[in-house]
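Participant: give the three-dimensional model of this entry:
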Amino acid sequence: MTTLTNLSTKRRPPRFIAKWQKQALTLFLAGIYCFLSAGICLAAEDEAPGDQEKIRRHLFLITKKSLVLQREIDELLKKPTSKKITARIEELQAQRDNVDLDFESMATRLPLESFTGKKKVKLDWVQEIEDLTKPLLTAIRNFTEKPRKIDELNGKIEDLEAQLLLHQEASKNISAILEGLKEEPPPKTKEEKIYRTHLSLLLDKYDPELVQLNLEKARGNLKKLLGTDESVIETATQTIKEFFRTRGRNLLITILIFTGFWLVLSRLRKWILTRKFLTKRTSSIGKLFSAAYNFVVVLFCLLIGLTCLYFFNDWLLITLIIMGLFLVMWTSRQWIPKFLEEIKLIVDLGTVREGQRLIWGGVPWLVKEIRLQAILVNERLEGGEIILPLHMLVDLHSRPVVENEPWFPTKPHDWVLLGDDIYGRVEYQTMEQVVINLKEGGALKYYSTEDFLAQNPVNISNGFEYSIEFGLDYEVQPRICDEIPKLFEKEIKRHLKHHFECDSPNFHELEVVLDNAGASALILVIEVYVHGRCDHLYDECRREIQTTLVRICNEHGLGIPFDQLTVHLPRQITGEEKNSS
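Facilitator: Predicted coordinates:
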């Protein structure tokens, strides 16, 4: 007998308990059953006798189930070791452990979690991250505990119902075989005894009564959970009350402390920036100090807030805040170089600086302010202020402003001459478009601001000049250098004296000079400087000057040549020239 035991011990896996230890454990559980059965009768006098009897019956069937599983394990241990047998033994041992836990839970009236403990799921993260996220995962698990239990019980009930049908069918078939043995008993041999023993073990193994009791127990637990259901409003109200009683209070206090420190330290920053040692510095130094100060203040306030939550022992909120900060940092890692460029702009150390001239959208702008956003101003434009995000200025460049430098060629209601021979008055000019009211017809012509500037507009509202070329016949060549220019200057002023001889003359300067000797005429240039008030009479004044020049020629008998073409013909040879040759 000793030899068989030793051989069995050598074959079994080292993780299992020895056979005699398992038998002793089985007897011990049976003793506990008897002892607790008696204790239950004394301690629960207020319970119904039927319930006590049902519990005792349930405990007895659990013990019976444990013995059946132990016998099956012992039978397997006697066989040669193989992977299949080892796996089966492990499976049966796990079932037996669960049965023992059911027995202990039923006898002590304690839930299974009191004996099994909560299994710790090993996450793939490092231990520090696992510890950090544990409060959050615990809160989520507790929040969904009831639905998960209901779902688990529903699944368990379905499995037990299917198992009950199988056990009933198996028990019916085994009982039929045993009944047949009673009616026609075979000869009593060793094989027949083992045969009956196996059938008896199978009958105990597939006893449907234990499954039925487990099914009733699961249904009772499910009914108890469903009986405590509350309405959605009641649940939400209770959740909100619980939140503000604990974490909501902690969060509110933390926010108040964070805001208080932020306001106090922000006022302190304003006071520091007014000190002489900073006001004497350049604006870039002050901005750099302000940005660094704000960064330190944010970190300090965050640490104060986390410290408050630490004293409140609210690890869930600490976890959420830290995870939120980490998520923000992780998602913004690719933007960090751009953030650094924008910070350089904010502290006035970038390629665009406050108080300088910047070309944006083809239009010059004054960089008025750079903070979290940039403010650009052009007073010549209607609605000439625009706010831009800093990233739009990263690749641009500004330069210092030159004194009296114009910011736009025109102002509203100025008269302009454009490169496409358009003459009219500026009705509107914004950063998007310039609208011209044409002199002839009064129609409106629209230009985008960039296209308008590309036409090289000439603003005549600030004054303009006529430069007129006028040709005279070569017969006046002896007088063209001195006499003729003086004559024209005198006669122009006489004929146009209403423009020259008034308190505020429209034509305030006149010059007549010989420009060049052309192919068929001597060219004079008449330059007349006109006041800007005549901007709307540009064409009329030009025609008036042209008319005056022709009138002067008529009065003094001066010829106005037309373009001539000289044709040189081959010379004809006479008869005498032929004979001589």
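
Participant: which residue is the nearest non-sequential neighbour of Phe261?
Facilitator: When the adjacent residues along the chain are set aside, Phe261 lies closest to Cys301, with 5.0 Å between them (CB to CB, 6 or more residues apart in numbering). From N, CA and C alone the C-beta is placed, and that goes for glycine too.

Participant: give me the element that neighbour is part of.
Facilitator: Element membership for Cys301, per DSSP states H and E: helix 283-311.

Participant: state the mean pLDDT of that helix.
Facilitator: The pLDDT scores in helix 283-311 average 79.

Participant: separation between the residue nearest to Phe261 and Ser266?
Facilitator: 10 Å (CB to CB, to the nearest Å).

Participant: rewinding a little: and the helix or strand following the helix holding Cys301, what's its mean pLDDT?
Facilitator: For helix 283-311, the following helix or strand on the C-terminal side (DSSP H and E) is helix 315-331. For helix 315-331, the mean per-residue pLDDT is 80.

Participant: same check on stretch 345-360?
Facilitator: 86.

Participant: wait, Asn506 sits on Arg533?
Facilitator: Yes - between Asn506 and Arg533 there is a contact under CB atoms under 8 Å: 6.8 Å.

Participant: which other helices and strands does the helix holding Cys301 contact?
Facilitator: helix 247-273, helix 276-279, helix 315-331, helix 336-346 (3 or more CB pairs under 8 Å, 6 or more residues apart in numbering; DSSP states H and E).

Participant: in this structure, where's the longest helix?
Facilitator: helix 145-183 (DSSP state H).

Participant: helices and strands around that helix, which ones?
Facilitator: Against helix 145-183 (3+ CB pairs under 8 Å, 6+ apart) you get helix 190-205, helix 208-227.

Participant: can you pull the domain assignment for the protein?
Facilitator: Following automatic domain parsing, one gets these domains for the chain: 1-119, 240-331, 345-399, 415-459, 464-556.

Participant: now for these, which one comes closest to Ser200?
Facilitator: domain 1-119 (9.8 Å; CB to CB).

Participant: so which bits of the longest helix of the chain are buried?
Facilitator: Across helix 145-183, burial judged by 16 or more other CB atoms under 10 Å covers Leu153, Lys156, Ile157, Leu160, Gln163, Leu164, His167, Ala170, Ser171, Ile174.

Participant: and what of stretch 549-563?
Facilitator: Quick answer for stretch 549-563 (16+ other CB under 10 Å): Leu549, Ile552, Cys553, Leu558.

Participant: cool, stretch 471-482 as well?
Facilitator: Gly471, Leu472, Asp473, Val476, Ile480.

Participant: residues contacting the third one?
Facilitator: Spelled out, that is Asp473. Shown in contact with Asp473 (CB atoms under 8 Å, 6 or more residues apart in numbering): Ala521, Leu522, Leu558, Gly559, Ile560, Pro561.

Participant: over to the last one?
Facilitator: Listed by CB under 8 Å, 6+ apart, the contact set of Ile480 reads Leu472, Leu514, Leu522.

Participant: what is the nearest of the residues you listed to Ile194?
Facilitator: Leu514 (144.9 Å).

Participant: per-residue pLDDT, the closest one?
Facilitator: 91.

Participant: wait, is it part of a helix?
Facilitator: No - Leu514 is assigned strand when assessed by DSSP: H, G, I helix; E, B strand; the rest coil, not a helix.

Participant: distance of it from Ile480?
Facilitator: According to CB to CB, Leu514 stands 6 Å off from Ile480.

Participant: what sits in contact with each of the two?
Facilitator: Taking CB under 8 Å, 6+ apart as the criterion, Leu514 and Ile480 both touch Leu522.

Participant: Cys301 and Ser266: which is more packed in?
Facilitator: More crowded of Cys301 and Ser266, by other CB atoms under 10 Å: Cys301, with 17 against 13.

Participant: surely the more buried one meets Phe258?
Facilitator: Yes - in this structure Cys301 lies within contact range of Phe258 using CB under 8 Å: 5.0 Å.

Participant: mind checking how far Tyr195 is from Pro185?
Facilitator: 12 Å.

Participant: out of those two, which sits in the more crowded spot?
Facilitator: Neighbours were counted for Tyr195 and for Pro185 using other CB under 10 Å; Tyr195 has more, 14 against 10.

Participant: centroid-nearest residue for the protein?
Facilitator: The residue lying closest to the centre of the chain (CA atoms, centre = their mean) is Thr331, at 8.3 Å.

Participant: of the buried residues of stretch 549-563, closest to Lys486?
Facilitator: Closest to Lys486, out of all of those and judged by CB to CB, is Ile552, at 12.1 Å.

Participant: got the contact list for the closest one?
Facilitator: So Ile552 contacts Leu487, Phe488, Glu491, Ile492, His495, Leu558 (CB under 8 Å, 6+ apart).
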